[in-house]
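>>> Got a predicted model here, sequence first, then my questions.
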Amino acid sequence: MKGFDLTALLLNPAFTGMLARGLLMTFIVAIGSWLLAMSLAFILLTIRLTGGRVAEAAVAVYVSYHRNVPTLVQLMLWYFGIASLLPDALQEWLGDHNAEAIFAVIGLGLCQAAYFSEDLRSGLRAVGRGQTEAARALGHSYIGMMRFVLMPQALRNAMPALVNHTVSLFKNSSLAMAIGVVELTHAVREVENESFRTFEVYLVATLLYLLCTLALMTGGAMLGRRAEAMGAR
């Protein structure tokens, strides 16, 4: 049985290189998913605000589906199910361009959009009705009212929830390992198989995830304080 030796792991260029590449892929998947989720969240919110009953019901079904079906199941549905229905030419192109990471971004992004849209909707509901009346009194159109008056306040109100769900998205990126994405958790498994130092490699992974999530939370807190300061002016 090997004794604890963290340097045997950290001083090995092959192992640290694998972990670094895995961490980079984790950031790529997380950032891509976040951008997709936030963009779609604004679209879903707009549909709910301006669409009719059918459109609002469709958004409600979308949100309910993604909030009640496990994220891992959704990723597998995209990679093993929906991918098989695509034209052969598109499947070949995806296979040449890291299909696993692409479907991970799509699956995680679509799932997280449901949470982000609800966060934004809750933040918008918290804005007082007087703000709408004041914006109309100033001559703003509906788009101008949303852009310059209501949404900035809604974002400030939703900031804590958005930060929490952003952290959850980063952590859920580890689920992409199940469809073959070589992210941090996948790299950890590979290093463990080659080094046989289970405790050391999982300790490093734990610290990396902890540092990244703490950085996200700290950055979110700073943004929240800055937004509150700007709103108080």
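Structure received. Numbers count the residues shown, from 1 in each chain.
>>> Scan the chain for its longest helix.
Assignment by DSSP state H gives helix 13-50 as the longest helix of the chain.
>>> What residues sit buried inside it?
Burial within helix 13-50, assessed by neighbour count using 16 or more other C-beta atoms under 10 Å, is assigned to 15, 18-19, 22-23, 25-26, 28-30, 32-34, 36-38, 40-41, 44-45, 47-48. For the C-beta atoms, the positions are set from N, CA and C on the backbone; glycine is no exception.
>>> can you check stretch 66-77 too?
Neighbour counts using 16+ other C-beta under 10 Å place 66, 71, 74-76 of stretch 66-77 among the buried residues.
>>> What average pLDDT does it get?
Here stretch 66-77 scores 95 as its mean pLDDT.
>>> what residues does it touch?
Residues outside stretch 66-77 that contact it (C-beta atoms under 8 Å, 6 or more residues apart in numbering): 103-104, 107-108, 110-111, 113-115, 118, 172, 175-176, 178-179.
>>> one more time with 10 Å
Residues outside stretch 66-77 that contact it (C-beta atoms under 10 Å, 6 or more residues apart in numbering): 65, 81, 83, 100, 103-104, 106-108, 110-115, 117-118, 168-169, 172, 175-179, 181.
>>> can you give me the end-to-end distance of that stretch?
Stretch 66-77 has its terminal residues 12 Å apart, counting by C-alpha to C-alpha, to the nearest Å.
>>> what about residue 148, distance to residue 123?
Distance from residue 148 to residue 123, counting by C-beta to C-beta, to the nearest Å: 16 Å.
>>> where does the protein have low pLDDT?
Applying pLDDT under 70 to the chain picks out residues 1-2, 142, 230-233.
>>> 50 instead?
Judged by pLDDT under 50, the chain has its weakly predicted residues at 1.
>>> who has more neighbours, residue 148 and residue 123?
Ranked by neighbour count (other C-beta atoms under 10 Å), residue 148 and residue 123 place residue 123 first, with 22 against 12.
>>> who's in contact with the more buried one?
Residue 123 sits next to 45, 150-151, 153-162 when contact means C-beta under 10 Å, 6+ apart.
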